[in-house]
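Student: this one's sequence-less:
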């Protein structure tokens, strides 16, 4: 049997990783500035993380949500304090896409309405409901035409209000920073306007922090730079440092009803051990502050070049937009300089390094890019 061939693969086979470094099966060392689509938050194979998973595996790895789970309760308490959302409640699932789908369901249950507003170039995952919320030319889905989703322009408050006035919008979903769409930032003024408009018209503001959350931008969540509090916050990716885990934070205005949401594997013991270890490590090693400091350092030191159009982003969620296609540059970074990076579209190199990246490691990338340019 062969694998279903839907991914373009580089001829690199990782076999070991530590911190921000990865080694392949030939012994070649790489600097990881992509973290598997931002899932590596505290670094590869952190000893505290490995111990937490190993210890838990020796006890119990999984049981259903029909019994009490002290680990879920511990995560809710610790996450509330770390994020500043102690008065919110937590529902756990398995991925960012599932979190966004659950957020849309919850908004609909809460408001009795059935339309969602999302934004052009958005990406909210690959489950059927999440794909319908996604406006990305690389994602083709027959589900898109069967969901009541309206796409507006980013940072266009008037356009959003025009749709909200129709009275049938359950929720407005927006990424803290658009990831796959090209590291596009909603302005603080726009996020503040969305918060006010959603309250005015009885809709739920949903902040997709799957990629931009968990300390990546220098705040726990990217929207906190704007000083707002959405109704629902969705999480995934870095929440458990690569172990499958996701969740949503839910405002106190929502009333839980038995059977409203459900999941088989969400909140399992291993995922909770991983997620708790992540929060402990982030606090102990000041990784949120480090992400902001090192990210600003990278932005300030990207070499000036006529090939580079713009550098944008926040913390360790950065995009370097070029005036040409970046496939050759990314290939040279990987095979000549041994640095993992990502892309967004055809003209952007995307950086989503582990939050433990140092300035010295950042210099390796900066110098490599200078040489290639």
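Tutor: Structure's in. What do you need? Remember, predicted model here, so these are calculated numbers, not experimental data.
Student: switch to C-alpha atoms for all contacts and neighbour counts from now on
Tutor: OK.
Student: confirm residue 186 sits in a strand?
Tutor: No. Residue state for residue 186 (DSSP: H, G, I helix; E, B strand; the rest coil) corresponds to coil; a strand is not indicated.
Student: can you tell me the closest non-neighbouring residue to it?
Tutor: Excluding the flanking residues, the one nearest residue 186 by Cα to Cα, 6 or more residues apart in numbering is residue 155, at 5.8 Å.
Student: tell me the helix or strand right after the helix or strand bottoming out on mean pLDDT in the chain.
Tutor: Least confident helix or strand, the chain: helix 128-132 with a mean of 74, by mean pLDDT, DSSP states H and E. Sequence-wise, the next helix or strand downstream of helix 128-132 (DSSP states H and E) is strand 149-152.
Student: residue ranges with poor pLDDT in the stretch 1-150 of the chain?
Tutor: For the stretch 1-150 of the chain, residues meeting the criterion pLDDT under 70 lie at 128, 137-147.
Student: wait, what's in contact with the residue nearest to residue 186?
Tutor: When contacts are counted by Cα atoms under 8 Å, 6 or more residues apart in numbering, residue 155 touches 186-187, 190.
Student: neighbour-wise, which one of the residues you listed leads?
Tutor: Tallying neighbours with other Cα atoms under 10 Å puts residue 186 at the head of those, with 19 neighbours.
Student: list the residues that contact that one.
Tutor: Counting by Cα under 8 Å, 6+ apart, residue 186 touches 154-155, 176-177.
Student: which one of those residues is nearest residue 121?
Tutor: Nearest to residue 121, judged by Cα to Cα, of the contacts of residue 186 is residue 154 at 8.7 Å.
Student: now the strands: where do they sit in the stretch 201-350 of the chain?
Tutor: For the stretch 201-350 of the chain, the strands defined by DSSP state E, counting those that start in this stretch occupy 204-208, 232-235, 246-250, 308-314, 317-322, 339-340, 342-344, 348-351.
Student: any idea which of those gets closest to residue 219?
Tutor: That would be strand 308-314 among those, by Cα to Cα, at 9.7 Å.
Student: for the closest one, what is the average pLDDT?
Tutor: If you average the pLDDT over strand 308-314, you get 97.
Student: before we move on, back to that, which elements pack onto the least confident helix or strand of the chain?
Tutor: Packing partners of helix 128-132 (3 or more Cα pairs under 8 Å, 6 or more residues apart in numbering; DSSP states H and E): helix 96-111.
Student: compute the inter-axis angle for the helix it packs on and strand 204-208.
Tutor: 170 degrees (axes from the mean of the first three to the mean of the last three Cα atoms, to 10 degrees).
Student: against residue 343, how distant is residue 330?
Tutor: According to Cα to Cα, to the nearest Å, residue 330 and residue 343 sit 8 Å apart.
Student: beta partners for residue 344?
Tutor: The partner list for residue 344 in beta bridges (DSSP bridges) reads residue 348.
Student: quick one: residues contacting it.
Tutor: Residues near residue 344 by Cα under 8 Å, 6+ apart: 179-183, 319, 350.
Student: that concludes my questions; thank you for your assistance.
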